[in-house]
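Asker: Provided below for reference: sequence and predicted model.
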Amino acid sequence: MKFRNTAAAAAALIFGATTAAHAATLDDVKRKGEVACVVSTSLAGFAAPDASGRYTGFDVDFCRAVAAAVLGDPNKVKFVPATTKNRFTVLNSGEGDILFRNTTETMSRDADLKLSFLPVNYYDGQGFLIRKSAGIKSATELGGASVCIQTGTTTELNLADFMRTNGIKYDPVPVETNEEALTNYEGGRCDVYTTDASGIAATRTGLDNPSAHVILPEIISKEPLAGAVRHGDDQWADIGKWVVNALINAEELGITQRNVKSKARKSGDNPKVNRLLGTEGGMGAMVGLDDKWAVRAISAVGNYGEIFERHIGKKTPLGLERGLNALWKDGGILYAAPIR
Amino acid sequence: MSAPQYAPGKHPDLPAPSTLAGPLAWVRANLLSSPSNITLTLLSLWFLWSVIPGALNWFFFDAVYSGENRAACRAAGEGACWAFIGEYLKLFTYGFYPEESRWRVNLAFVLMWLALVPILFDRVPHRKYGLYYAAAFPFIAGWLLVGGLGLAPVTTDKFGGIMLTLVVGVTGIAFSLPIGILLALGRSSKLTIIRVFCVGFIEFIRGVPLITLLFVASTMLSYFLPPGTNFDLLLRVLIMVTLFASGYMAEVIRGGLQAIPSGQTEAADALGLKYWQAMRLIVLPQALKISIPGIVNTFIGLYKDTTLVIIIGLYDPLGIGRAALANTSWIGLSTEVYIFVAIFFFVSCFAMSRYSLYLEDKLETGHKR
Ligand SMILES: N[C@@H](CCC(=O)N[C@@H](CS)C(=O)NCC(=O)O)C(=O)O
């Protein structure tokens, strides 16, 4: 620790300007004309290029919303795919401006890896996928099982904790990507695959015979997935934070991709809507943007609910329920800070 | 029965008895020469018999060539779902290169073959001009692919797929050989500074995995460069890959150099040749010739190492395949993807190794054992 700090200080002395350069991300982004957004190398429903090379997915839409708010064009995003292992290095080195990559907010990532987390955009938890034929009903019966686990993740640590508290011996099979995990699991090199429940849902759609596999009842951790930016640029962090909040608030206020333009034309009788859509209050200027920032974000990707249903909801192969991710007034815990 | 008598010199050319030549004899000698050999032959036959029909069915007869998604594929047939690969073929080939500019990639590809002809074969007419052209090719291709000077610029993060593999592979191969030769010569130089530098460089490169170098190139480098500099990511990769291959190349060539008897250099000295003349005319042609297998080996290794660029966020064909597998309509068809990518790499690498055999045969002057 000591040495690391000294080395960092020395580096800061020699390359004095580095942190300063990281400070004005907004100006950087405007100069480059694109937002460099760190996403998953490929995770069904969250981020993956389609056959024409266009990125789509839940995380991708948040990148696009930021680009639309900041640069006025949801396509001005440079996607920087990163693995679970190198994602934070990529962000901290400046190769990426913002990160939306199935990333769990934790204290050490915030404080030690020096990230500023944006509001949670998906409440997840760690689950287990196993073959029905194994006849196992609970994660506590996993003694002696080999478990596929992605390196560099919170899930790796959670698993170790869970197995230790329950006194279970197991065989970890470390893998680099979700896809590799799937191949290993199908090939029988591991009995169990554990990762975020959303990831399991994505993985499960890829199995030859999904009904031959079950998800164990235990959810062994809290995985609040959130976007992130580097420490040290509060304005940029605010932009990310309020774009996410705006999308969630839009759902709460009934603003959709379809009706946002007409609602934004002139101020209506709901001041909350007016402030969000910039017909009142001058909110955009507070984060260094103009008044139509949220209108652009919403017309680019829709509100939170629309993003959810488009990529991972009931009608998609992932078929995820809103569950915890429903709005607070619908029985979930999604409770975005108000725009005022 | 007595053998027929012939006058001296009149013995006719009779065919060898069928027990010694012809297909039957071949079968006997190669497949059935001993009990263990017979067992192995039978086992192999049984193995082929049980594998080939299934494989053929999967690959061709039961395969599905068109379909909307995985479910449609599975409904239409039991075999491979090539419809998936077909849909992603463009992405596999061009990566994210803008659609309207893809002709530039195609043109660069054709020009690459034109540049290879004079390099690979020495009996083409006007080979000298061909070689000039080949030397200019990397720059022409660079201009075509990146744009500028009249062409719409394309940023290198749009490169991907087979095209990316070729860019990285060809650049690495083209530049690592000359750099490797210089390093190998430098390593045996009489000038201490040069020698120490070369040894240090080679040992460093060989002591560090390529993946580490790539990682340094992609992320660590931005900590050291002055802020605001935009050092192209692909260029960094190209430099790292080239340096890496050069280090290995140098050792391969050093092996070749050491196999040349010192009498050769002494003879060159006696003829009054200068160092570079001696190297160019006498030592290197022989050393390179015996190093061909090692050189091609390094090339092939380098070519396959291009898949590592995934860790710095560039998609080679394997990366594209993985990304394609995350498409919810196709997820789960990993076998097809891996087989497709394997075929691509196998074809390229096999061609390289065949060419190297051809070259060895052509240059063969009796050293071969
Ligand atoms: N949320 C955890 C786990 C993240 C994780 O493992 N995500 C997996 C799937 S749930 C993933 O991104 N896979 C795609 C890939 O490896 O490219 C963390 O932040 O450490």
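Answerer: Everything's here; your move.
Asker: Quick check: residues of the stretch 101-250 of chain A near the ligand?
Answerer: Residues of the stretch 101-250 of chain A lying near the ligand by CB under 6 Å from any ligand atom: A:102-104, A:150, A:153-155, A:177-178, A:195-196, A:199, A:223, A:225. C-beta coordinates here come from the backbone N, C-alpha and C atoms, glycine included.
Asker: Quick check: bridge partners of the closest residue to the ligand within the stretch 201-340 of chain A?
Answerer: The nearest approach of the stretch 201-340 of chain A to the ligand comes at A:E223, 4.9 Å away (CB to the nearest ligand atom). Beta bridges link A:E223 to A:D124, judged by DSSP bridges.
Asker: Go ahead and confirm it touches A:V120.
Answerer: No: with contact defined as CB atoms under 8 Å, A:E223 does not count as touching A:V120 (9.6 Å).
Asker: Looking at these two now, which is surrounded by more residues?
Answerer: Neighbour count, other CB atoms under 10 Å in any protein chain shown: between A:E223 and A:V120, A:E223 has more, with 28 against 22.
Asker: hang on, the earlier thing: among the residues of the stretch 101-250 of chain A next to the ligand, which are in helices?
Answerer: A:T154, A:T155, A:N178, A:G199 (DSSP state H).
Asker: number of nearby residues for the last one?
Answerer: A count of neighbours around A:G199, defined by other CB under 10 Å, yields 28.
Asker: hang on, the earlier thing: closest to the ligand among the ones in helices among the residues of the stretch 101-250 of chain A next to the ligand?
Answerer: The ligand has its nearest neighbour among those in A:G199, at 2.2 Å by CB to the nearest ligand atom.
Asker: what sits against the closest residue to the closest one other than its chain neighbours?
Answerer: Distances taken as CB to CB, 6 or more residues apart in numbering or on different chains place A:N178 nearest to A:G199, at 6.0 Å, with adjacent residues excluded. Going by CB atoms under 8 Å, 6 or more residues apart in numbering or on different chains, A:N178 touches A:S40, A:S42, A:L43, A:Q150, A:T195, A:G199, A:A202, A:T203, B:A326.
Asker: now the fifth one: how far from A:V147?
Answerer: In this structure, A:T195 and A:V147 are separated by 10 Å, where distance is defined by CB to CB, to the nearest Å.
Asker: More neighbours: which of those two?
Answerer: Each of A:T195 and A:V147 has its neighbours counted (other CB under 10 Å); A:T195 has more, 30 against 21.
Asker: how close does the more buried one sit to chain B?
Answerer: Between A:T195 and chain B the computed distance is 14 Å (CB to the nearest CB, to the nearest Å).
Asker: where exactly do the helices run in the stretch 101-250 of chain B?
Answerer: Here the stretch 101-250 of chain B has its helices, by DSSP state H, counting those that start in this stretch, at B:102-120, B:127-146, B:161-187, B:192-207, B:210-215, B:221-224, B:233-258.
Asker: dump the residue contacts of the residue of the stretch 201-340 of chain A closest to the ligand.
Answerer: A:E223 is in contact with A:T104, A:Y123, A:D124, A:G125, A:Q126, A:T154, A:T155, A:D196, counting by CB under 8 Å, 6+ apart.
Asker: Can you tell me which residues in the stretch 201-350 of chain B are near chain A?
Answerer: With CB under 8 Å from any CB of the partner chain as the criterion, the stretch 201-350 of chain B meets chain A at residues B:215, B:218-220, B:222-224, B:226-228, B:233, B:310-313, B:315, B:319-320, B:322-329, B:331-332, B:334.
Asker: any idea how far stretch B:291-309 is from the chain center?
Answerer: Distance of stretch B:291-309 from its chain centroid, counting by CA atoms, centre = their mean, to the nearest Å, is 6 Å.
Asker: hmm, back to that, and the ones in helices among the residues of the stretch 101-250 of chain A next to the ligand, which two are the farthest apart?
Answerer: Across those, the longest distance by CB to CB is 14.4 Å; it joins A:T154 and A:N178.
Asker: before we move on, back to that, are any of the residues of the stretch 201-350 of chain B next to chain A buried, and if so which?
Answerer: Neighbour counting over those (16 or more other CB atoms under 10 Å in any protein chain shown) leaves B:215, B:218-219, B:222-223, B:227, B:233, B:310-313, B:315, B:319-320, B:322-329, B:331-332, B:334 as the buried ones.
Asker: Show me which of the contacts of A:E223 are buried.
Answerer: The buried subset of the contacts of A:E223 (16+ other CB under 10 Å) comprises A:T104, A:Y123, A:D124, A:G125, A:Q126, A:T154, A:T155, A:D196.
Asker: Out of those residues, which is nearest to A:Q257?
Answerer: Of all these, A:Q257 sits closest to A:Y123, with 23.2 Å by CB to CB.
Asker: hang on, isn't the closest one packed against A:L324?
Answerer: Yes: assessed by CB under 8 Å, A:Y123 is found in contact with A:L324 at 4.1 Å.
Asker: Which neighbours do those two have in common?
Answerer: Common contacts of A:Y123 and A:L324 (CB under 8 Å, 6+ apart): A:G332, A:I333, A:L334.
Asker: most neighbours, which of those?
Answerer: The most crowded member of the shared contacts of A:Y123 and A:L324, judged by other CB under 10 Å, is A:L334 (23 neighbours).
Asker: OK, contacts around that residue?
Answerer: Shown in contact with A:L334 (CB under 8 Å, 6+ apart): A:Y123, A:I248, A:Y304, A:L324, A:N325, A:A326, A:L327, A:W328.
Asker: again, only this time at 6 Å
Answerer: For A:L334, the contacting residues are A:I248, A:N325, A:L327, by CB atoms under 6 Å, 6 or more residues apart in numbering or on different chains.
Asker: Distance check, it against chain B.
Answerer: Applying CB to the nearest CB, the value for A:L334 to chain B is 23 Å.
Asker: Excluding sequence neighbours, find me the nearest residue to that residue.
Answerer: Spatial nearest neighbour of A:L334, excluding adjacent residues (CB to CB, 6+ apart): A:L327 at 5.1 Å.
Asker: Give me the subset of the buried ones among the residues of the stretch 201-350 of chain B next to chain A lying in helices.
Answerer: Filtering those for membership in helices, criterion DSSP H, returns B:F215, B:S222, B:Y223, B:L233, B:G319, B:I320, B:R322, B:A323, B:A324, B:L325, B:S334.
Asker: Help me confirm that the second one comes into contact with A:G94.
Answerer: Pointing back at B:S222 there. Yes: counting by CB atoms under 6 Å, A:G94 is a contact partner of B:S222 at 5.1 Å.
Asker: Now for residue 305, how many residues are close by?
Answerer: In the absence of a named chain, this looks at chain A. Per other CB under 10 Å, the neighbour tally for A:G305 reads 21.
Asker: ah, no, chain B please
Answerer: When neighbours are counted by other CB under 10 Å, B:D305 registers 19.
Asker: for B:L48, same thing?
Answerer: Counted with other CB under 10 Å, the neighbours of B:L48 add up to 11.
Asker: Mind checking what secondary structure it has?
Answerer: Here B:L48 is helix, with the state taken from DSSP: H, G, I helix; E, B strand; the rest coil.
Asker: For it, give me its contacts.
Answerer: Applying CB under 6 Å, 6+ apart to B:L48 gives no contacts.
Asker: quick one: low-confidence ranges for chain B?
Answerer: B:1-3, B:227-229, B:366-369 (pLDDT under 70).
Asker: Residue nearest the middle of it, spatially speaking?
Answerer: Compute the mean C-alpha point of chain B, and by CA atoms, centre = their mean the closest residue is B:I300, 3.7 Å away.
Asker: is it true that A:V35 touches A:A67?
Answerer: Yes: with contacts counted by CB under 6 Å, A:V35 reaches A:A67, the gap being 4.6 Å.
Asker: Could you pull out the residues contacting both of those two?
Answerer: Shared contacts of A:V35 and A:A67 (CB under 6 Å, 6+ apart): A:V77.
Asker: Could you check how many residues crowd around A:E176?
Answerer: A:E176: 16 neighbours (other CB under 10 Å).
Asker: and A:Q150, how many neighbours?
Answerer: Burial of A:Q150, expressed as a neighbour count using other CB under 10 Å, amounts to 23.
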